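Visitor: my questions concern the predicted model and sequence given below.
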Amino acid sequence: MRLMNEADHKSIAEAIRRAESRTSGEIYAVLARRSDSYFYVAGFTVACGILLAAVFVAVAAHWYWYTVPLPVFGLAILAAFLTAVLLLWLVPSVTLWLVPKRILYRRAHLNAIQQFLARNVHLTSERTGILLFVSLAERYAEVVADAGINAKVHQDEWNNIVAILTEHAGRDDLTAGFLMAIEKAALLLEEHFPAGPDDINELDDHLVEL
């Protein structure tokens, strides 16, 4: 199922075309539901939690002179682990609660870089391609800019665009967020790399959903 309808995709594609008519730079947009399954990271967290709980129960049982047969204790740990893994498998959204934000953001950043390279944004003639990237599950947005434009634009300018994307994503208003971000990016590109007479369109003008 797509996150945006056909009308949303058309309006974003048209916004990119209008923006690129004013600059020799290129704008590419990617929207991801999530950047990783996080199954193994969450599974590791759960396993550590179960082991710590098992140690606590063992110490408490010893303290209160309560004897638990070793096979029963081992089977209880195994049952808890299998139940947790099954829950993670059946309800993937639970995994996000068990993964530190640092890891969520790192995986989302890695996905943004992978998309930047996979979509050939780095292969524009003047190295002026930029990627507008949003990963919803992680509540993460990033602007990945190629060397040509990044050398002339301060990081604060990109951060302002990121703020627009994250704010609108949080309000479930993705289309408006991308439209505003595209316009802001176009102003920066137009300032440093205005359109020339021989300018050609080097990248597809649309938003990609992952």
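Guide: Arrived safely, thanks for sending. Owing to the predicted nature of the structure, the values given are computational and were not obtained by experimental measurement. Residues are numbered from 1 along each chain as shown.
Visitor: report pLDDT for the residue nearest in space to the middle of the chain.
Guide: For the chain, Ser135 is the residue whose C-alpha lies nearest the centre (C-alpha atoms, centre = their mean; 2.8 Å). We note a pLDDT of 95 for Ser135 in this prediction.
Visitor: go on, His206?
Guide: For His206, pLDDT reads 90.
Visitor: ditto for Tyr40
Guide: Tyr40 carries a pLDDT score of 88 in this model.
Visitor: burial check on it, number of neighbours?
Guide: 11 (other C-beta atoms under 10 Å). Every residue, glycine included, has its C-beta placed from N, CA and C.
Visitor: got phi/psi on it?
Guide: Main-chain torsions, Tyr40, degrees, to the nearest 10: phi -70, psi -40.
Visitor: report the separation between it and Ile103.
Guide: 11 Å (C-beta to C-beta, to the nearest Å).
Visitor: can you tell me the SS state at Val30?
Guide: Taken by DSSP: H, G, I helix; E, B strand; the rest coil, the conformation at Val30 corresponds to strand.
Visitor: surely it meets Val134?
Guide: Yes: the criterion here is C-beta atoms under 8 Å, and Val30 meets it with Val134 at 7.5 Å.
Visitor: which one's more surrounded, the two?
Guide: Between Val30 and Val134, Val134 has the larger neighbour count (other C-beta under 10 Å), namely 26 against 23.
Visitor: am I right that that one falls within a strand?
Guide: Yes: secondary structure assignment places Val134 in a strand (three-state DSSP).
Visitor: for whichever strand or helix holds Ala58, name the packing helices and strands.
Guide: Using DSSP states H and E, Ala58 sits within helix 39-63. Other helices and strands packing on helix 39-63, by 3 or more C-beta pairs under 8 Å, 6 or more residues apart in numbering; DSSP states H and E, are helix 70-90.
Visitor: now the helix it packs on: buried residues?
Guide: Ile77, Ala80, Phe81, Ala84, Leu88 (16 or more other C-beta atoms under 10 Å).
Visitor: ok, stretch 19-30 next?
Guide: Buried-residue list, stretch 19-30, by 16+ other C-beta under 10 Å: Ala19, Glu20, Arg22, Thr23, Ser24, Gly25, Glu26, Ile27, Tyr28, Ala29, Val30.
Visitor: export the residues you listed as CSV, with columns for secondary structure, pLDDT and distance to Gly196.
Guide: Shown next, in CSV, are these (DSSP: H, G, I helix; E, B strand; the rest coil; pLDDT from 0 to 100; distance: C-beta to C-beta, whole Å):
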residue, secondary structure, pLDDT, distance to Gly196
Ala19, helix, 91, 15
Glu20, helix, 90, 12
Arg22, coil, 89, 11
Thr23, strand, 89, 9
Ser24, coil, 87, 6
Gly25, coil, 87, 11
Glu26, strand, 90, 14
Ile27, strand, 93, 17
Tyr28, strand, 94, 20
Ala29, strand, 95, 23
Val30, strand, 96, 27
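Visitor: okay if I get these as TSV plus distance to Ala13?
Guide: Putting these into TSV (distance: C-beta to C-beta, whole Å) gives the following:
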residue	distance to Ala13
Ala19	11
Glu20	11
Arg22	16
Thr23	16
Ser24	19
Gly25	17
Glu26	13
Ile27	11
Tyr28	11
Ala29	9
Val30	13
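Visitor: kindly indicate which of the residues you listed lies nearest Leu123.
Guide: Nearest to Leu123 among those: Glu26, at 9.6 Å, using C-beta to C-beta.
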